[in-house]
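A.B. asks: The following comprises the amino acid sequence and a computationally predicted model.
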Amino acid sequence: MSALPGELLPDFVSDAYHGTAAVDAGLARLGLRREDLYVAVRKGVEERGLVTEFDPSTADGLRDWMARVRELRRLYHRKGWTPENRANAPFMVSPDGDVYVGVMQGNEHTGNPDGRLESYHEIGSVNANLTAHNDLVGMAIPGIDEYLGLGKAEVAKTWFVVTRYEEDKTGERRVHLEVSQPAPTSQGQKITSWAKRLCLEPIGFKPVVRVDTPAREGALVTVEMR
């Protein structure tokens, strides 16, 4: 599976502007499927529901992220992808080694092609080194990696499943989602430039209420708001 080397592609493709078929085609060229992304997102949201008052304040986001990483790796391991941890930075690698995929949290513009997407956190040395070999914004130069004499691992392009969870006052929950390739970014900075973005429509989830029962305290019940 090629990481799209040397191809001139739109800076972004979105469900809203181009339709789901166009986004799905972009995902397919990376070896990914929308349905698998949805499964991973749902697993993360389910993990949030298991957080109790005794957990750290960061537990919901951490459990969400861990579940998405785990589920994506599990699903794609069946398809020949390999889990890889680089200094505790988790990725999965395509069968031919051309594509690295990680999971990260984005800002309020996640999934919005008209917005300025940023990573929620500054990146460390691992992500900085991997993104150094990504495309520049708006262009990919055919043969540039070969000209520079970069090895196979260095030619690989790194993409991220970028998500943002939100819940409104009514309890309605949604996850904004995209699969995007950062432009080269230095360590200690947030990612603010993106070579390619595949923006999906938000995924909605029904509200939940906690019901205390003698058998199981904190059991979750999904209710539909009318």
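C.D. replies: Happy to help now that I have it.

A.B. asks: which residues of this structure fall in strands?
C.D. replies: Ranges of strands in the chain, per DSSP state E, are 12-14, 82-86, 89-93, 99-105, 157-167, 173-182, 194-205, 208-211, 219-222.

A.B. asks: can you tell me which of these comes nearest to residue 129?
C.D. replies: Between residue 129 and these, the shortest gap by C-beta to C-beta is with strand 82-86, which sits at 8.4 Å. For glycine as for every other residue, the C-beta is placed from the backbone atoms N, C-alpha and C.

A.B. asks: From the contact counts, what lies against that closest one?
C.D. replies: strand 89-93 (3 or more C-beta pairs under 8 Å, 6 or more residues apart in numbering; DSSP states H and E).

A.B. asks: now the strand it packs on: mean pLDDT?
C.D. replies: Mean per-residue pLDDT for strand 89-93: 96.

A.B. asks: Give the buried residues for it.
C.D. replies: Residues of strand 89-93 classed as buried by neighbour count (16 or more other C-beta atoms under 10 Å): 89-93.

A.B. asks: and what of stretch 95-109?
C.D. replies: Neighbour-count burial for stretch 95-109 [16+ other C-beta under 10 Å]: 98-107, 109.

A.B. asks: then stretch 23-34 to CSV, C-alphas only?
C.D. replies: C-alpha atoms of stretch 23-34 as CSV (Å, rounded to 0.1, in the frame of the first residue of the first chain):
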residue,chain,number,x,y,z
VAL,A,23,-13.3,10.5,1.6
ASP,A,24,-13.7,6.7,1.5
ALA,A,25,-11.5,6.6,-1.6
GLY,A,26,-8.8,8.6,0.2
LEU,A,27,-9.0,6.2,3.2
ALA,A,28,-8.8,3.2,0.9
ARG,A,29,-5.6,4.4,-0.6
LEU,A,30,-4.1,4.3,2.9
GLY,A,31,-5.6,0.9,3.5
LEU,A,32,-8.2,2.2,6.0
ARG,A,33,-12.0,1.9,6.2
ARG,A,34,-14.5,4.3,7.6
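
A.B. asks: and of the buried residues of stretch 95-109, the nearest to residue 164?
C.D. replies: Looking across those and measuring by C-beta to C-beta, the closest to residue 164 is residue 106, at 5.1 Å.

A.B. asks: Per-residue pLDDT of the closest one, please?
C.D. replies: 96.
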